[in-house]
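Asks: okay, here's the prediction I keep looking at, along with the sequence it came from:
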Amino acid sequence: MYRLVMAIRPEALPTDTAALTEMVLALDAENEKLRVAMQTLKEMIFGKRSERLAAIVAEQFALDLGDLETGVTPLAANDDKPAAKPSGKVPRKKARRNIGALPKHLPRCEQVLEPDTTACPCCRGELHKIGADVSEVLDVIPAILRVLRTIRPKYGCRSCTDGVVQAKVLPRLIESGMASTALVTHVVVSKFAWYLPLYRQVQILAGQGIHLDRATLAGWVKRAAWWLKSLYELQLRAIQASPRVFCDETPMPVLDPGRRRTRICQFWAHAMDDRPWGGPSPPAVAYVFADGRGTDEIAGQLADFSGILQVDGYAAYKALARGHGGAIQLAFCLAHARRKFVEVYKTTGSPFAHEVIERLQAIYAIEAEIRGSSAEQRLAARRARTAPLVEALKARLTEMVGQLFSQSKLTEAINYALNHWHGLTLFLSDGRVEVDSNTVERSMRPIAMGRRNSLFSGSEGGAESWAILASLVNTAKLHDLDPQAYLSDVLERIVSGRTKSHQLHELLVWNWKATRERTTQAAA
């Protein structure tokens, strides 16, 4: 109580009505949170033993346990909706659904239903065909397990003793193993594209009469990653060679057998995508496994990078930029700044937080209109339409921050925005820059999904394999490719030696897709 009185002296109270309202709302929310926490602690300490656990479970959210609720650190969401809709309506993007017509590239299996008789019911004469009604439904053939037998005939000469001829053994993905490249690829894609853990795949195979253990499938995954490591490293270098890179990090629990528990490591994601302004860089993501999330980790990964790095406000990125002497320019994420005001509004109902959210939503509405335009057109529209909105927002933030209680969440949100203002508004001076880092955060969702289903990686080697395979699979998905078709063909080419090491660039997802499209057009 003494600290509260000392923190808010009568002479320190704001005279502005709006600022005083914000202070009261913030204190009321803080008091409610403390009351709930105190009541929960009382029940834990003094309540009946049978009721203590119930109190903890019921009040976990009030105690703000955060990531301990599920045991997994969630990714920060980028789709928080503001309380009010923007004044200007933006056309909603049409959903990609097969309604009314099925894809033409799918094979058609026809069945013709003839009438029981083709004789006229009146005169008994022969009827002739005058038309047909055609309907289509989407069908599926469940996965079929089969045995692929390879027969190598031997030919010998009846006149000579050394005249035996036989075809050479084809290279195999799993040497001396009993799994084809297609089966290994199916396991990899099921895990890293569709988030199906290995133990569930073992159960599915058992249902079809194939009894394997999880360690066998893990060995297949590790072998596939070994073959694909060079391609993964090439993809990572291609991303880091881009003049504008998105970067983010997320925890990855790794089993530590010696301590009989998991230790928290990190997945760093490097991404590029110039589609919003029609630039040359194709969409791609590469994950890097690391022991930690400090400055040394990211500095080692981006040692040779120079350009624009689009990130959140994490201190390691700021230290990285300072250590590169201006070679790296940071563009911060407007969605992260907005999210802090959304949290304040959800907690306190703050009118000012609501106002900021509406102002930011107006900026996003303009971005939605100019998405797909050239960098020059986007920059012109931003300077003409967005810049005045940004200046007005900064003026409001600066005006309000001096009148608020310094420890309030709203003050914290305002200070975050003002302290990162240059990076948050870099998009006003460069049409290539996005307003947020959603590009890389969307690429983190597959990692979060896989982590939620698998809980942790079994070892550092497993985490490295995870990074390699998830990078290739999720980049294929960014290009609307079937990951199974892409990865199977790539592995076949590498294992067979048809694609040499100096030709690996041909197997990068965007180059592979372009080659396949040219082949399809030539065949047509």
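Replies: Thanks, I have it. Residues are numbered from 1 along each chain as shown.

Asks: show me how far the lengthiest helix in the chain is from its chain's centre.
Replies: Of all the segments assigned as helix in the chain under DSSP state H, the longest by residue count is helix 17-46. For helix 17-46, the gap between its own C-alpha mean and the chain's C-alpha mean amounts to 36 Å (C-alpha atoms, centre = their mean, to the nearest Å).

Asks: now do stretch 444-463
Replies: For stretch 444-463, the distance from its own C-alpha centre to the chain's C-alpha centre is 13 Å (C-alpha atoms, centre = their mean).

Asks: strands of the stretch 151-300 of the chain, residue ranges please.
Replies: When secondary structure is read from DSSP state E, counting those that start in this stretch, the stretch 151-300 of the chain shows strands at 154-155, 165-166, 244-256, 261-272, 284-290.

Asks: tell me which of those strands lies nearest to L481.
Replies: Of all the strands of the stretch 151-300 of the chain, strand 284-290 sits nearest to L481, with 12.3 Å by C-beta to C-beta. C-beta here means a position set from N, CA and C on the backbone, and glycine is covered the same way.

Asks: that closest one packs against which elements?
Replies: When contacts are defined as 3 or more C-beta pairs under 8 Å, 6 or more residues apart in numbering; DSSP states H and E, strand 284-290 sits against helix 214-240, strand 261-272, helix 295-301, helix 438-454, helix 460-478.

Asks: okay, the ones you listed, which one's buried deepest?
Replies: Most buried of the helices and strands packed on strand 284-290 by mean neighbour count (mean count of other C-beta atoms under 10 Å) is helix 460-478; its value is a mean of 23.

Asks: average model confidence for that helix?
Replies: For helix 460-478, mean pLDDT is 94.

Asks: wait, a strand at H128?
Replies: No: the secondary structure assignment for H128 gives coil rather than a strand, going by DSSP: H, G, I helix; E, B strand; the rest coil.

Asks: make 38 the first number, not 1, from now on.
Replies: All set: I'll call the first residue 38, so the last point we hit is now H165.

Asks: how far away is it from C157?
Replies: Counting by C-beta to C-beta, to the nearest Å, the gap from H165 to C157 is 10 Å.

Asks: what's the answer for V477, then?
Replies: As defined by C-beta to C-beta, V477 lies at a distance of 70 Å from C157.

Asks: related to what we said a few turns ago, include distance to A352 and mean pLDDT when you put the strands of the stretch 188-337 of the chain into CSV, please.
Replies: Compiled in CSV, the strands of the stretch 188-337 of the chain are given as follows (distance: least, C-beta to C-beta, whole Å; pLDDT from 0 to 100):
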stretch, distance to A352, mean pLDDT
strand 191-192, 68, 90
strand 202-203, 64, 90
strand 281-293, 12, 90
strand 298-309, 15, 91
strand 321-327, 16, 95
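
Asks: and stretch 345-354, which residues are buried?
Replies: When burial is assessed from 16 or more other C-beta atoms under 10 Å, stretch 345-354 yields the following buried residues: 345-351, 353-354.

Asks: mark which of these are part of helices, please.
Replies: Reading helices off the buried residues of stretch 345-354 with DSSP H, I get 353-354.

Asks: can you list the buried residues of stretch 345-354 in CSV and add distance to A243 and pLDDT?
Replies: Shown next, in CSV, are the buried residues of stretch 345-354 (distance: C-beta to C-beta, whole Å; pLDDT from 0 to 100):
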residue, distance to A243, pLDDT
I345, 50, 96
L346, 47, 96
Q347, 46, 95
V348, 45, 95
D349, 44, 92
G350, 48, 90
Y351, 44, 91
A353, 45, 93
Y354, 47, 94
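
Asks: JSON lines for the buried residues of stretch 345-354, including distance to M289?
Replies: Supplementary listing: the buried residues of stretch 345-354 in JSON lines, determined by distance: C-beta to C-beta, whole Å:
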{"residue": "I345", "distance to M289": "27"}
{"residue": "L346", "distance to M289": "22"}
{"residue": "Q347", "distance to M289": "22"}
{"residue": "V348", "distance to M289": "19"}
{"residue": "D349", "distance to M289": "18"}
{"residue": "G350", "distance to M289": "22"}
{"residue": "Y351", "distance to M289": "16"}
{"residue": "A353", "distance to M289": "16"}
{"residue": "Y354", "distance to M289": "19"}
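
Asks: just to revisit the earlier point, and E395, which of the strands of the stretch 188-337 of the chain is closest to it?
Replies: For the strands of the stretch 188-337 of the chain, proximity to E395 was assessed by C-beta to C-beta; strand 281-293 is nearest, at 26.9 Å.

Asks: now find how far off-centre that closest one is within its chain.
Replies: Between the centre of strand 281-293 and the centre of its host chain there is 11 Å, according to C-alpha atoms, centre = their mean.

Asks: show me what it is packed up against.
Replies: Packing contacts for strand 281-293, counted by 3+ C-beta pairs under 8 Å, 6+ apart, involve strand 298-309, strand 344-348, helix 475-491, helix 497-515.

Asks: identify the residues contacting the shortest one?
Replies: Counting contacts by C-beta atoms under 8 Å, 6 or more residues apart in numbering, the residues outside strand 344-348 that touch it are 279-285, 339, 354, 357-358, 364-370, 463, 467, 469-471, 474, 476-477.

Asks: for PyMOL, write the select line for the buried members of the residues you listed.
Replies: In PyMOL, selecting the buried portion of the contacts of strand 344-348, with burial taken from 16+ other C-beta under 10 Å, looks like this:
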select buried, resi 279+281+282+283+284+285+339+354+357+358+365+366+367+368+369+370+463+467+469+470+471+474+476+477
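
Asks: same list (the helices and strands packed on strand 321-327) but as JSON lines, adding distance to V291.
Replies: What follows is the helices and strands packed on strand 321-327, written out as JSON lines (distance: least, C-beta to C-beta, whole Å):
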{"stretch": "helix 251-277", "distance to V291": "14"}
{"stretch": "strand 298-309", "distance to V291": "5"}
{"stretch": "helix 332-338", "distance to V291": "15"}
{"stretch": "helix 475-491", "distance to V291": "11"}
{"stretch": "helix 497-515", "distance to V291": "5"}
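
Asks: and the ones you listed: which comes nearest A66?
Replies: Across those, A66 has its closest neighbour in helix 475-491 (27.4 Å, C-beta to C-beta).
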